[in-house]
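In: need a 3D model of the sequence below.
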Amino acid sequence: MKNRITDLFGIQYPIIQGGMVWVSGAKLAASVSNAGGLGLIGAGSMKPDLLKEHILKVQGLTQKPFGVNVPLLYEKAQEQIDCALDLGVKIFFTSAGSPKKFTSYLKQKGAIVVHVTSSPELALKCAEAGVDGIVAEGFEAGGHNGREEITTMTLIPQVREKISLPLMAAGGIASGSSIAAAMALGADGVQMGTRFLMTRESSAHENFKKLALEALPHSTQIMMRKTVPVRLLQNQFSLEIKTIEETFTGEELKNKLNEHLGKYRAKMGMLDGDLAAGELEIGQIVSLIKDVPSVEEVMKELISDYQKTLSRLPLKLD
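Out: Numbering: from 1, shown residues only. Predicted structure coming up:
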């Protein structure tokens, strides 16, 4: 599985662990890196001081490469970036904002920069901004989602048509066969969130993991399209959001959504385990996940399944 993704990051497998808020802490990131992938600390839910703690902890748990995911929509993004740079972090995944905002700054500091995008047009802008790689994330993904609502299978070949940079596919990927499919469509590697959320090393609350194990194919839904689209696991909170969206329109709808969302709803659900009032961000692929193994077990299964998939190809059409 050596290719330009493994060469870019200095890792064994072209498998990136998504930098999820409240879930991707030091333990998860270090475990993925130790298993041969690239672990990412999800800085979106961390103030600079907390981010510093997690970076130092990762550095004490692994000698392998790791990175930090920084959502640019948060006001402390600059502080988070500077904190990570000061501690010697050299790999940054940026998302939820313009790639022009920090790419040049990070490159001047000697960092590798990858930006997460959701459309071919935005991928081209990432390339023009000078990033080293691109994550193209389809509509199936959990958490904050692109407004274009393009599925992964449709998105990857269209992005590949636009750019020649190292390309990672994200959204709906949780098995070795889906890694093979993403590569067949033009990706060089994959970024996986939900599969790593459902491991023993993730910071997700056990209540959240247990509920996710019961998920059906229709158990997640994109909500809050009028503010910031996000894919959620159905619970009391998501039903309340749905009622608001069916009741109000225009600016009143936006105000009601922002008021109901308030602060720390994701923390309440994902980290603290409040399955009623908390926001539960997770990908559509969760309905296929039926266990909560260790990261090492997940990686071994991914590679085994990938190899088995390749052994069945190519199909002979005689």
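In: spatially central residue for the chain, please.
Out: Geometric centre of the chain, nearest residue: residue 18, 3.3 Å, by Cα atoms, centre = their mean.
In: I figured it hits residue 193, correct?
Out: Yes - judged on Cβ atoms under 8 Å, residue 18 makes contact with residue 193 at a distance of 3.2 Å. In this view, the C-beta of every residue, glycine as well, is placed from N, C-alpha and C.
In: shared neighbours, the two?
Out: Residues touching both residue 18 and residue 193 (Cβ atoms under 8 Å, 6 or more residues apart in numbering): residue 170.
In: before we move on, the earlier item: for the residue nearest to the centre of the chain, give me phi and psi.
Out: Phi and psi for residue 18, reported as degrees, to the nearest 10, are phi -60, psi 140.
In: quick one: contacts for it?
Out: Here residue 18 is in contact with 24, 40, 42, 69, 170, 191, 192, 193, 196 (Cβ under 8 Å, 6+ apart).
In: so what sits opposite the fifth one in the bridge?
Out: Following DSSP bridges, residue 170 is listed with bridge partners residue 137, residue 191.
In: against residue 163, how distant is it?
Out: 15 Å (Cβ to Cβ, to the nearest Å).
In: neighbour count: those two, which is higher?
Out: Between residue 170 and residue 163, counted using other Cβ atoms under 10 Å, the more crowded position is residue 170 (28 against 20).
In: let me see the ranges of the helices in the stretch 101-250 of the chain.
Out: For the stretch 101-250 of the chain, the helices defined by DSSP state H, counting those that start in this stretch occupy 103-108, 120-129, 152-162, 176-184, 194-197, 206-213, 236-247, 250-261.
In: distance from the chain centre to the fifth one, please.
Out: Translated: helix 194-197. Distance of helix 194-197 from the chain centroid (Cα atoms, centre = their mean, to the nearest Å) equals 9 Å.
In: which strands and helices sit next to it?
Out: helix 295-311 (3 or more Cβ pairs under 8 Å, 6 or more residues apart in numbering; DSSP states H and E).
In: just want the angle from the helix it packs on to helix 176-184.
Out: Using axes from the mean of the first three to the mean of the last three Cα atoms, to 10 degrees, the direction of helix 295-311 lies 60 degrees away from that of helix 176-184.
In: how far does helix 295-311 sit from its chain's centre?
Out: When distances are taken as Cα atoms, centre = their mean, helix 295-311 is centred 20 Å away from the chain's centroid.
In: what's the answer for stretch 126-137, then?
Out: Counting by Cα atoms, centre = their mean, stretch 126-137 is centred 15 Å from the centre of its parent chain.
In: quote the end-to-end distance of that stretch.
Out: For stretch 126-137, the first-to-last residue distance is 13 Å (Cα to Cα, to the nearest Å).
In: what is residue 92 paired to in the beta sheet?
Out: residue 68, residue 113.
In: how about residue 233: what's its closest non-neighbour residue?
Out: In space, and not counting its chain neighbours, residue 233 is closest to residue 280: 4.0 Å by Cβ to Cβ, 6 or more residues apart in numbering.
In: ok, the one you found to residue 115 distance?
Out: As judged by Cβ to Cβ, residue 280 and residue 115 stand 26 Å apart.
In: any weak-confidence spans in the chain?
Out: Within the chain, the ranges that satisfy pLDDT under 70 run 315-318.
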